[in-house]
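1. any chance you could fold what I've pasted below:
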Amino acid sequence: MMAGKAKTGRRTPLRGAGRSRPQTAGVRSRGEVRRNPAAAGRGGVRSSASVRRPHAMDYSIVFLVIFLVGFGLVMVYSTSSYRGSLYMDDAAYWLKRQAFFAVLGIAAMFFVARIDYHFWKSKKWMLPVYYWGTILLLIFTLIFAAVSHGSRRWLNIGPLSFQPSEAAKVSLILIFAIYISRNAKKLRTWKGIVKCFALAVPIIVVVGIENLSTCIILMAITVIMIFVASDKWKPFFAIGGVGIAGIAVLLLTQGYRVERIKIWLNPEQYETGLQTMQGLYAIGSGGLFGKGLGQSMQKMGFLPETHNDMIFSIICEELGLFGAISILIIYFVLLWRFMVVALNAADLYGSMIVVGTIAHLGIQVFINIGVVTNTIPNTGIPLPFISYGGTSLCFLLIEMGLVLSVSRYMRIKE
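-> Residues are numbered from 1 along each chain as shown. As a prediction, this is how the structure comes out:
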């Protein structure tokens with residue numbers, strides 16, 4: 001048996017993958033029905049007593065997320081107070097804005113958590129709306145968005161700015177969770193896998209024109225979700241090759257992206273490598289326990305974007321290696337709780353929502369810390385829940401709401 005599997009290139013997918021779960025009237029979904037053969041009536045129909053009811057959400061996830069958001073507010077104030085008092089005449093300027101989005105996002109998280117996650121695929125027209133709505137919004141941004149930092153990424157809505165690529169991450173997770181749950185059997189073939197991946201190509205390409213870092217995250221979410229749901233692994237070598245070729249094209253078509261690679265290799269030789277060098281100085285000067293909260297020197301105009309992409313370097317400077325490792329441990333524990341929810345989800349659709357969130361959060365943390373430590377070339381990716389950025393924070397918290405909704409229906413040993 002094992003030899004036969006090796007020859008066909010098959011592997012074991014996530015629990016529930018490859019099995020269709022037809023919907024039935026009177027219950028939310030077949031995935032909510034307990035897997036108890038003894039409870040099945042004639043013809044395999046489950047009795048009404050065996051329908052899975054919602055229970056309490058995973059409050060360990062709630063605690064970890066709120067802790068990270070709260071810690072992020074503290075660090076946003078610590079890193080931006082100098083600039084706020086200097087340029088805005090208000091040391092808490094960026095803190096107030098971030099706090100507003102934090103309250104808005106947490107409210108949205110609990111609202112989404114209370115909705116049965118099957119609602120988001122309850123109508124057949126929802127998948128086309130998510131898909132084409134996302135593409136049209138991204139194209140609209142590409143054409144009409146205001147230029148900022150040399151790129152068109154933000155739409156201005158009154159005094160606030162909105163970054164559609166952040167919404168695209170949540171949309172992509174829902175699109176693939178729905179598609180994979182409806183077409184799980186097709187992922188047993190090369191054709192099915194390639195067709196599934198091709199579904200994401202328009203979204204990835206449109207985003208990649210102006211935002212390569214988010215393009216990489218979207219690609220990672222897509223590949224990881226398909227890989228987990230499929231029982232094959234060989235097609236992913238071909239997909240990986242196509243992805244690398246696509247990234248190379250996007251790099252070569254924009255001169256500033258090639259320059260970033262040169263700066264990454266030799267930051268001390270370029271004036272624009274100042275950010276990287278100052279970030280490394282901040283990390284190195286923090287020592288084991290740091291200089292103390294609020295005592296950073298690099299945030300005093302030496303290090304740009306201290307409250308945005310480079311906030312982890314200030315964490316290292318003020319809280320030291322101990323503080324940095326503590327934050328990483330919290331991220332790892334959060335991802336582990338997501339894994340528990342994914343493995344015990346009521347159905348494949350719920351598992352895929354959580355797997356997509358794991359991919360998004362994990363890749364984004366890796367890229368941000370990799371940039372700050374100069375492990376990978378510089379690119380603008382915020383540290384989840386901690387960096388300043390209202391759009392990013394709100395949509396991340398909406399994703400957390402989806403995960404919490406899945407946790408309310410996951411299988412629990414009784």
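
2. for Met225, see how far away Leu212 is.
-> Using C-beta to C-beta, to the nearest Å, we find Leu212 at a distance of 21 Å from Met225. Where C-beta positions appear, they are placed from N, C-alpha and C, glycine not excepted.

3. ah, wrong one, I meant Val372
-> 27 Å.

4. for Tyr388, same thing?
-> Distance from Tyr388 to Met225, by C-beta to C-beta: 29 Å.

5. all strands of the protein, in order?
-> 146-148, 151-157, 160-162 (DSSP state E).

6. buried set for the second one?
-> Residues of strand 151-157 classed as buried: 152-155 (neighbour count, 16 or more other C-beta atoms under 10 Å).

7. chain center to it, what's the gap?
-> Centroid separation between strand 151-157 and its chain, computed with C-alpha atoms, centre = their mean, to the nearest Å, is 20 Å.

8. where does the protein dip in pLDDT?
-> In the predicted model of the chain, residues 1-52, 146-151, 158-159, 250-257, 271, 413-414 satisfy pLDDT under 70.

9. who's in contact with the residue nearest the centre of it?
-> Closest to where the C-alpha atoms of the chain average out (C-alpha atoms, centre = their mean) is His360, at 2.4 Å. By C-beta atoms under 8 Å, 6 or more residues apart in numbering, the contact set of His360 is 169, 173, 217, 221, 399.

10. my read: the last one touches Ser171, true?
-> To tie it back to what came earlier, the one meant is Glu399. No: Glu399 sits out of contact with Ser171 when judged by C-beta atoms under 8 Å, with a separation of 10.8 Å.

11. my guess is Leu293 contacts Ser78. True?
-> Yes: under the criterion of C-beta under 8 Å, Leu293 makes contact with Ser78 at 6.2 Å.

12. now do the shared contacts for these two.
-> The contact sets of Leu293 and Ser78 overlap at Glu318 (C-beta under 8 Å, 6+ apart).

13. so those two - more neighbours on which side?
-> Ser78 (22 against 14; other C-beta atoms under 10 Å).

14. please say which of Leu212 and Met225 ends up with more neighbours.
-> Between Leu212 and Met225, Met225 has the larger neighbour count (other C-beta under 10 Å), namely 28 against 20.

15. surely that one touches Ile358?
-> No: when contacts are counted by C-beta under 8 Å, Met225 is not listed as touching Ile358 (9.5 Å).

16. show the contacting residues for Leu383.
-> By C-beta under 8 Å, 6+ apart, the residues touching Leu383 are 309, 311-312, 364-365, 368-369.

17. ChimeraX command for the buried members of those residues?
-> Command for ChimeraX that selects the buried part of those, burial taken from 16+ other C-beta under 10 Å:
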select :309,311,312,364,365,368,369
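
18. from the contacts of Leu383, which is closest to Val205?
-> Minimum separation from Val205 among the contacts of Leu383 (C-beta to C-beta) is found for Gln364, which lies at 20.1 Å.

19. gap between the closest one and Leu73?
-> As judged by C-beta to C-beta, Gln364 and Leu73 stand 19 Å apart.

20. number of nearby residues for Leu361?
-> 20.

21. just give the number of residues close to the residue lying closest to it once chain neighbours are set aside.
-> Excluding the flanking residues, the one nearest Leu361 by C-beta to C-beta, 6 or more residues apart in numbering is Pro384, at 5.7 Å. The number of residues packed near Pro384 is 23, by other C-beta under 10 Å.

22. list phi and psi for Pro384.
-> Recorded main-chain torsions at Pro384 are phi -50, psi 130, according to degrees, to the nearest 10.

23. residues in contact with it?
-> Applying C-beta under 8 Å, 6+ apart, we find Pro384 in contact with 68, 331, 361, 364-365, 368, 392, 396.

24. narrow these to those in helices?
-> Mapping the contacts of Pro384 onto helices (DSSP state H) picks out 68, 331, 361, 364-365, 368, 392, 396.

25. please enumerate the helices of the chain.
-> 2-8, 59-83, 93-113, 126-144, 164-182, 190-198, 201-210, 212-229, 235-252, 255-265, 274-285, 311-343, 348-372, 390-407.

26. any chance of the ones you listed in JSON lines with distance to Phe119 as columns?
-> Shown next, in JSON lines, are the helices of the chain (distance: least, C-beta to C-beta, whole Å):
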{"stretch": "helix 2-8", "distance to Phe119": "37"}
{"stretch": "helix 59-83", "distance to Phe119": "20"}
{"stretch": "helix 93-113", "distance to Phe119": "10"}
{"stretch": "helix 126-144", "distance to Phe119": "9"}
{"stretch": "helix 164-182", "distance to Phe119": "11"}
{"stretch": "helix 190-198", "distance to Phe119": "23"}
{"stretch": "helix 201-210", "distance to Phe119": "23"}
{"stretch": "helix 212-229", "distance to Phe119": "20"}
{"stretch": "helix 235-252", "distance to Phe119": "31"}
{"stretch": "helix 255-265", "distance to Phe119": "40"}
{"stretch": "helix 274-285", "distance to Phe119": "43"}
{"stretch": "helix 311-343", "distance to Phe119": "18"}
{"stretch": "helix 348-372", "distance to Phe119": "11"}
{"stretch": "helix 390-407", "distance to Phe119": "9"}
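
27. how about the ones you listed, which one is nearest Met300?
-> Proximity to Met300, assessed across the helices of the chain by C-beta to C-beta, is greatest for helix 59-83 (5.6 Å).

28. give me the buried positions along that closest one.
-> Of the residues in helix 59-83, those buried (16+ other C-beta under 10 Å) are 61-62, 64-66, 68-69, 71-73, 75-83.
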